[in-house]
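Student: what's the 3D shape of this:
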Amino acid sequence: MFRKVLVPLDGSNTAEVVLPYVREIAAAFGSEVILASVVDTSIAGADRLYRYYLERVQENLRKGLAGRNTSGEVKVHAEVLAGRPASEILVYASEKHVNLIAMSNRGRSGLGKWLLGNIAAKVLRATSWPVLLVRAPLGRMAGEEGRLLKQILLPLDGSAAGEAALPYAETLALKLNAEMVLLQVLEPLSDMVSGSDGSASWPAAMYEVEEKRKALALAYLEGVAGGLKKKGLRAYIATAVGTPAEEIITYAEKHASDLIAVSAHGRSGVSRWVFGSVTDKLLHSGHTPIFMVPAQPRMSG
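Tutor: Residues are numbered from 1 along each chain as shown. Predicted structure coming up:
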């Protein structure tokens, strides 16, 4: 599933925050890693500068992989492309049949004029491949612990489209010995009744509706978790009530989730929230890395 990983870099240290995660995934899957930069042809000597930069990153990544118990040989390549960054990344991903694009969303002007943060947004909107988006550098303690992805948070909305990230999260968890947490967020019911003292309350029937919603959500999550447990995974379930994106971010930060795996698109499910808008909010909030999967991801060879 992760045989070939494309890593766009813009020559900045900020863009390189993705590399520890790439190293962990590549070691577990024996992935081929392609480090790529898109050269600004208007800058004299930019091609040579990028090649020198990528060779240095390539060597450091190889050294980092050398001490790991890798699942097969990990090949690391470097490519300098020319043209419009987002377009070139997407075209290259298609031509080389990549399985994952891994990048930072907070690059800054490095060796050229292109900003990886802007490019990440364009890639995310147009991609047919799963994207790992890392938003912040590792803390000192996280780096010292060795394993980075110990808990994967998988928000689900009860729809088949919302489950697009499930097989990817499952594969990651199995290979990395990570636990999975399945989370469903129920949007709050708004049909409140105002009392004479100005207070608001639900009519008795609404409490019954709320309990049924929670029961349906738990039954759905239990069913998904049960399938994961049969495969030997540690799977847990949780529900929350509130604004979906905010509750997902809050849960991830409160429970120290290492990765949020989410579908790029969904449709109204048990809890009525639509994954497209929720995913967009997740991508622009919080610090937890995001693993975004299109509802119909391209299956590269």
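
Student: tell me the contacts of residue 152?
Tutor: Contact analysis of residue 152 by Cβ atoms under 8 Å, 6 or more residues apart in numbering lists 169, 172-173, 178-181, 257-261, 291. Using the backbone N, CA and C atoms, a C-beta is placed for each residue, glycine as well.

Student: swap that for residue 19, please
Tutor: By Cβ under 8 Å, 6+ apart, residue 19 lies in contact with 7, 57, 61, 64.

Student: need these in CSV with neighbour count, can you?
Tutor: Shown next, in CSV, are those (neighbours: other Cβ atoms under 10 Å):
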residue, neighbour count
7, 28
57, 19
61, 22
64, 17
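
Student: which of these lies closest to residue 283?
Tutor: Checking the contacts of residue 19 against residue 283 with Cβ to Cβ, the nearest one is residue 7 at 18.2 Å.

Student: so where's the longest helix in the chain?
Tutor: With DSSP state H setting the assignment, residue counts place helix 204-230 as the longest helix in the chain.

Student: chain center to stretch 243-255, what's the gap?
Tutor: Centroid displacement of stretch 243-255 relative to its chain, using Cα atoms, centre = their mean, to the nearest Å, is 15 Å.

Student: now do stretch 217-228
Tutor: With Cα atoms, centre = their mean, you get 22 Å for stretch 217-228.

Student: can you give me the buried ones in that stretch?
Tutor: The neighbour-count criterion (16 or more other Cβ atoms under 10 Å) identifies 217, 220-221, 224-225, 228 as the buried residues of stretch 217-228.

Student: min pLDDT across these, which one?
Tutor: Lowest in pLDDT among the buried residues of stretch 217-228 is residue 217, which has 92.

Student: surely that residue meets residue 187?
Tutor: No: using Cβ atoms under 8 Å, residue 217 is not in contact with residue 187, being 11.4 Å away.

Student: what's stretch 172-179 in contact with?
Tutor: Against stretch 172-179 from outside (Cβ under 8 Å, 6+ apart): 24-25, 28-29, 71, 147, 149-152, 180, 228, 231-236, 258-259, 261, 291.

Student: sweet, I'm off.
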